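In: Build me a model from this:
(chains A, B and C, ligands or ions: 4)
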Amino acid sequence: MKEFAYFPGCSLEKMASSYHMSAMETTQKLGVKLNELDDWNCCGATTYFYIDELLAYTLCARNLAIAEKTGLDVVAPCSACYKNMFFTAAHLKKDEDLAEHVNFALEEDNLHFSGNVKVKHLIEVFAQDIGPDELKSKVTKPLEGIRIAPYYGCQIIRPQKEKEDVEQPQFFEELISAIGATPINYPLKMRCCGGSLIISSRTAALTMVRNLLQSAVDNQAAVIATACPMCQVNLEVYQQQVNLEFGTNFSVPVMYFTQLIGMALGIPNKKLGIGKEFVAMAPTPLAVETAWGLPRKTK
Amino acid sequence: MTKKLLMIDDDPDFVSGIKAILDKGGFEVDVAYNPKDGMTALQTKQYDLLLLDIMMGRGAEGIMIARKLRKDVKLRELPVLIMTGMREQIAFLFPGEPIHPRFVEIDELVEKPVEPKMLLEKVNSLIAAAEAKKAGKK
Amino acid sequence: MTDTITFGQEISNLLHAAEGEPLKTCIQCGTCSGTCPVAGYMDNSPRQIIALINLGKKEQVLESNTFWYCASCYHCTVRCPQEINITELMYALKRYSIWKNRYKEGLIGPTFSEAFVKMIVRGGRSFEPVLATSYIFSFNTREFVQEIQGATELLLKGRLPLLPARIKRLENFRRMIGRIIPMGGLE
Ligand code: SF4
Ligand code: SF4
Ligand code: SF4
Ligand code: SF4
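Out: Numbers count the residues shown, from 1 in each chain, chains lettered A, B, ... in the order given. Ligands and ions are numbered 1, 2, ... in the order given. This is a model prediction of the structure:
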């Protein structure tokens, strides 16, 4: 059984509890154990920590040090947390002075980070450690005929972490195919949703969200799949505001990839946190919908 | 003998103001505008005093330098005057609380803007104190 | 050791590597601006802001909204032929303008940043509702209503926490921060 240290991050505590639930259920079913880090702190991500980057590194390093103690690689389900932890580990490895200074601060909590932790995004655990073939072999209720738009967002793939493909990644599509659904190809799958601008520039943010939804809908997506709590909230929660602002009529379910995988693995909806969303999942073929007892479209 | 000072500060406007005062006061002043250049200067040249800023580069890097200095056998004796605008820069995080580099022994801390007369007094007295200490040890 | 430095060097000193002047290698190809999803809302595009820095136009750069509009999507960064980390530059400019207290009145970004950092420094975790109240009043009435609507629905769906979560070893955590930012009356 594969085991990882698991850093849920602040948004998963409540805002994205369905992501947390479905991540736990699906990994367990696929033979992967996620152990939540003891007493983790907010990584201070999003975009607000440029005020003092040394502080930002220290916050991430504390979590990395806690993970290092377990001897396991660490997994983050939030793209922002992932990016921050990944680059904190990389910077501290490269810059001895920085590592020394940050470790001096960590002493206050009896911790030390020596750089021996690999940082992964949750979706990488599915794409690499489990792999689409293994996943496919465990599927009991393939999501046949459902057109799913994989939404990569920004920070899983950017900035480039190692040598991976940052222009045409395919791993999300492969996971969608593995659960029997149809991954759709749409031009904005890796474009920024602009959600982080909702506070500083509402018009820019809502326009970007609209463009994305439009691109997915134009390509007949029934569902948008995300791998980040922030992408999910931005695309889902701001849908009605986009509608108000632009007179559009979007009603696209935005689900976590783990929820979709969970459905295909035959895990009951309730355990996947399905039912907490604003725009309920309504797969196109009505037969499938009734067979699963899914909630009907709310709008 | 002319006393040699090193100033590590990232703000060219502040630096030129302070440097003018110190030049007039008869000091020889070198300037480094980032921590890295500052460390190089400290390791290659001899100084009588260091004037150090806190918020530089990525964050409170001045503290990193001060800590490094205090761990270095050769540089440990060098008097350090911290001149910081931290209260203006990020004090909103800790409203009403004091600036407090208590993890490093520094000799004095003044907040920007720095008054010319006070600056010269502090510089002179810090150098004198360091020399007295050195003489006492011999 | 030079007598003074250019604005370009001043900005380069804020970057992670702090070695040399990466911005000087910009060939003004415009790939960044062409890629940037927010360029249309910025008063100076990413390419222009780099040109202004290299020309030493400090005031114009500080007056610009470019870096506050940057969504940190890193799309420009992965495509720049000169491997300039433009996103990091935008962060650095935000930092520069906050430290200098030079951000424009009325921008919500800086206020929000302050509130966010403050909260984490105090409790170790972030807490959306507290944040919301600190910036929500900056919106106009219509936006305010929409925002409240979103928050209420999240609450009803059980997705917003009612009490902020705190970490357990909070005292250690605060002392840890005290070693990085030398402020505050801890001990
Ligand atoms: S990025 Fe968001 S969710 Fe992740 S720890 Fe930080 S604030 Fe919390
Ligand atoms: S797509 Fe939006 S929420 Fe996701 S990482 Fe990019 S800006 Fe953040
Ligand atoms: S893409 Fe790079 S080289 Fe081209 S204009 Fe932008 S920063 Fe300059
Ligand atoms: S990182 Fe900022 S500047 Fe670069 S493309 Fe994204 S929004 Fe534009």
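In: And the helices in the chain?
Out: Since you didn't name a chain, this refers to chain A. For chain A, helices defined by DSSP state H occupy the ranges A:10-13, A:17-29, A:53-70, A:79-94, A:96-106, A:122-124, A:132-138, A:171-178, A:202-218, A:229-237, A:239-246, A:257-264, A:286-292.
In: Chain C was what I was after
Out: C:7-12, C:31-35, C:46-54, C:58-63, C:66-69, C:75-79, C:86-99, C:108-123, C:128-136, C:141-156, C:170-180.
In: and these, which one's lowest on average pLDDT?
Out: Within the helices of chain C, confidence is poorest for helix C:128-136, with a mean of 41 (mean pLDDT).
In: re the thing from before, so which of the helices of chain A gets nearest B:Leu126?
Out: helix A:96-106 (25.0 Å; C-beta to C-beta). (Each C-beta comes from the backbone N, C-alpha and C, glycine too.)
In: what is the rounded mean pLDDT of the closest one?
Out: 95.
In: Using PDB, write down the CA coordinates of it.
Out: Taking C-alpha atoms only, helix A:96-106 is exported to PDB below (Å, rounded to 0.1, in the frame of the first residue of the first chain):
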ATOM      1  CA  GLU A  96      21.900  27.300   1.900                       C
ATOM      2  CA  ASP A  97      21.700  30.700   3.600                       C
ATOM      3  CA  LEU A  98      18.000  30.800   3.200                       C
ATOM      4  CA  ALA A  99      17.600  27.200   4.500                       C
ATOM      5  CA  GLU A 100      19.800  28.100   7.500                       C
ATOM      6  CA  HIS A 101      17.700  31.100   8.300                       C
ATOM      7  CA  VAL A 102      14.300  29.400   7.900                       C
ATOM      8  CA  ASN A 103      15.500  26.400  10.000                       C
ATOM      9  CA  PHE A 104      16.600  28.900  12.700                       C
ATOM     10  CA  ALA A 105      12.900  30.000  12.900                       C
ATOM     11  CA  LEU A 106      11.600  26.400  12.800                       C
END
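In: so it versus helix A:53-70, what angle?
Out: 70 degrees (axes from the mean of the first three to the mean of the last three C-alpha atoms, to 10 degrees).
In: Helix A:96-106 vs chain C: in contact?
Out: Yes - Helix A:96-106 reaches chain C (C-beta under 8 Å from any C-beta of the partner chain) through A:101-102, A:104-106.
In: Only the buried residues of that helix, if you could.
Out: By 16 or more other C-beta atoms under 10 Å in any protein chain shown, the buried positions in helix A:96-106 come out as A:98-99, A:101-106.
In: For that helix, name the packing helices and strands.
Out: If contacts are counted by 3 or more C-beta pairs under 8 Å, 6 or more residues apart in numbering or on different chains; DSSP states H and E, helix A:96-106 sits against helix A:53-70, helix A:79-94, helix B:61-71, helix C:170-180.
In: comparing the helices of chain A, which gets the lowest mean pLDDT score?
Out: If you rank the helices of chain A by mean pLDDT, helix A:286-292 sits at the bottom with a mean of 33.
In: Walk me through the domains of chain A.
Out: Following automatic domain parsing, one finds the domains of chain A at A:2-122, A:140-292.
In: Could I get the phi/psi values of the residue of chain B found nearest ligand 4?
Out: Relative to ligand 4, the nearest point of chain B is B:Arg58 (18.2 Å; C-beta to the nearest ligand atom). Here is the backbone geometry of B:Arg58 (degrees, to the nearest 10): phi -90, psi -10.
In: which residue packs closest to it, ignoring adjacent ones?
Out: Excluding the flanking residues, the one nearest B:Arg58 by C-beta to C-beta, 6 or more residues apart in numbering or on different chains is A:Glu53, at 3.9 Å.
In: check contacts around the one you found.
Out: Residues near A:Glu53 by C-beta atoms under 8 Å, 6 or more residues apart in numbering or on different chains: B:58-59, C:16, C:91, C:95.
In: can those go into JSON lines with extra columns for distance to C:Val38 and neighbour count?
Out: Output for those, formatted as JSON lines (distance: C-beta to C-beta, whole Å; neighbours: other C-beta atoms under 10 Å in any protein chain shown):
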{"residue": "B:Arg58", "distance to C:Val38": "24", "neighbour count": "26"}
{"residue": "B:Gly59", "distance to C:Val38": "26", "neighbour count": "26"}
{"residue": "C:His16", "distance to C:Val38": "22", "neighbour count": "17"}
{"residue": "C:Tyr91", "distance to C:Val38": "15", "neighbour count": "23"}
{"residue": "C:Arg95", "distance to C:Val38": "19", "neighbour count": "24"}
